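Enquirer: sequence unknown, structure follows:
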């Protein structure tokens, strides 16, 4: 069985640290050959000591973007794990694809912003885009080579976040501290707020469209508080396949970096008697409008998903800085989507220009309170 040579862009974050755990667990199958961190020198130095064969770069200096591209295109690498939050991963992702590297994607912004560009490039260069998000990795496992024409629905599961049962009337009183208390996952600040607003799931709906080549009306969301079923695929014959595991990002990372093989590991499997029950409910779409905004953006396509992504990033930052209230995150995204210019089939330069324009619009809205 082949040993895969792995580059981890964003090695100091939660996904990057989980990837290092996976590499530590199966050294006969994964060799780390490249690592980046933006500011966390201590984490990068510790990883460099543990994986001395890896080329390591900090990327917070003026040459940070070039260093990311250098790592993404290392001749010895087979696969690049994109674990960089936000838009900074787009250029190195495309560089990796052009260099013939498989891409393991944990940074959903890459496909939300520029899914058409990225997937077209991957097809042209004959590389695989392997999902690391637990939901998309679950769908990838359930499909297991089946033709997408046999699929009726992709069903993304969602914990519901900390405000699943909170009345809408209480939303204005929600503080950043309250929103950062996720009931299931330990994640970074931005993605934790996205989970509270359901924008995380909104972005995943658009990501699923591009990863699996389906229309938005075939991507649905169901609340599943236990976060054990990571997603499901319903087929045209009425059968449904689901992927289950503990809430540990090491599981989808492990599968992505060892695919197409199934490789033993030390991760603890589920204990079904201990689990006891699995619950499901529909999301409150009127109270959490992120999902409907995603359907609009994903259906219209073009630059609109980039507008949704950029304006959400600005609004989340404003909320964490206490410049806006929780419910205003959705308002700013909706208003920016209605204002920003739209291009139906953008190239990369047009995507980036739209991203910048949307940020400017959203920043003005946030400043207005």
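Expert: Perfect, I can see it now. Keep in mind that what you see is a predicted model, and the values were worked out from it rather than measured. Residues are numbered from 1 along each chain as shown.

Enquirer: and the chain, what are its domains?
Expert: Recorded structural domains for the chain (assignment: automatic domain parsing) are 4-132+249-267, 162-222+284-367.

Enquirer: chain center to the longest one, what's the gap?
Expert: Translated: domain 4-132+249-267. Centroid separation for domain 4-132+249-267 versus its chain: 13 Å, with C-alpha atoms, centre = their mean, to the nearest Å.

Enquirer: distance between the ends of it?
Expert: This stretch, domain 4-132+249-267, spans 19 Å end to end (C-alpha to C-alpha, to the nearest Å).

Enquirer: quick one: average confidence on that domain?
Expert: The average pLDDT within domain 4-132+249-267 is 95.

Enquirer: could you list every residue that touches the nearest residue to residue 359 once chain neighbours are set aside?
Expert: Sequence neighbours aside, residue 310 is the residue nearest to residue 359 in space, at 4.9 Å (criterion: C-beta to C-beta, 6 or more residues apart in numbering). Yep, even glycine has a C-beta here, placed from its N, CA and C like the rest. With contacts defined as C-beta atoms under 8 Å, 6 or more residues apart in numbering, the neighbours of residue 310 are 87, 113, 336, 354-356, 358-359, 362.

Enquirer: and for residue 31?
Expert: 3-6, 23, 53.

Enquirer: from the contact counts, what lies against the longest helix seen in the chain?
Expert: Taking DSSP state H as the criterion, the chain has its longest helix at helix 348-367. Packing partners of helix 348-367 (3 or more C-beta pairs under 8 Å, 6 or more residues apart in numbering; DSSP states H and E): helix 90-98, helix 109-125, helix 304-320, helix 328-339.

Enquirer: now tabulate those in TSV and tack on distance to residue 62.
Expert: Below are the helices and strands packed on helix 348-367 laid out as TSV (distance: least, C-beta to C-beta, whole Å):
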stretch	distance to residue 62
helix 90-98	15
helix 109-125	22
helix 304-320	22
helix 328-339	29
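
Enquirer: ok, which of those comes nearest residue 141?
Expert: For the helices and strands packed on helix 348-367, the distance to residue 141 is smallest for helix 109-125, at 18.1 Å, taking C-beta to C-beta.

Enquirer: quick one: list the elements packing against that closest one.
Expert: helix 90-98, strand 129-131, helix 199-212, helix 304-320, helix 348-367.

Enquirer: can you tell me what sits against the longest helix of the chain?
Expert: 87, 90, 94, 113-114, 117, 303, 306-307, 309-311, 313-315, 318, 323-324, 328, 331-333, 335-336, 339-341, 343, 346.

Enquirer: and the angle from it to helix 90-98?
Expert: Interaxial angle of helix 348-367 relative to helix 90-98 (axes from the mean of the first three to the mean of the last three C-alpha atoms, to 10 degrees): 160 degrees.

Enquirer: and the contacts of residue 31, which of them are in helices?
Expert: Reading helices off the contacts of residue 31 with DSSP H, I get residue 23.

Enquirer: between the contacts of residue 31, which sits nearest residue 213?
Expert: If you rank the contacts of residue 31 by distance to residue 213 using C-beta to C-beta, residue 4 comes first, at 25.2 Å.

Enquirer: tell me what that closest one is bridged to.
Expert: Going by DSSP bridges, residue 4 is paired in beta bridges with residue 30.
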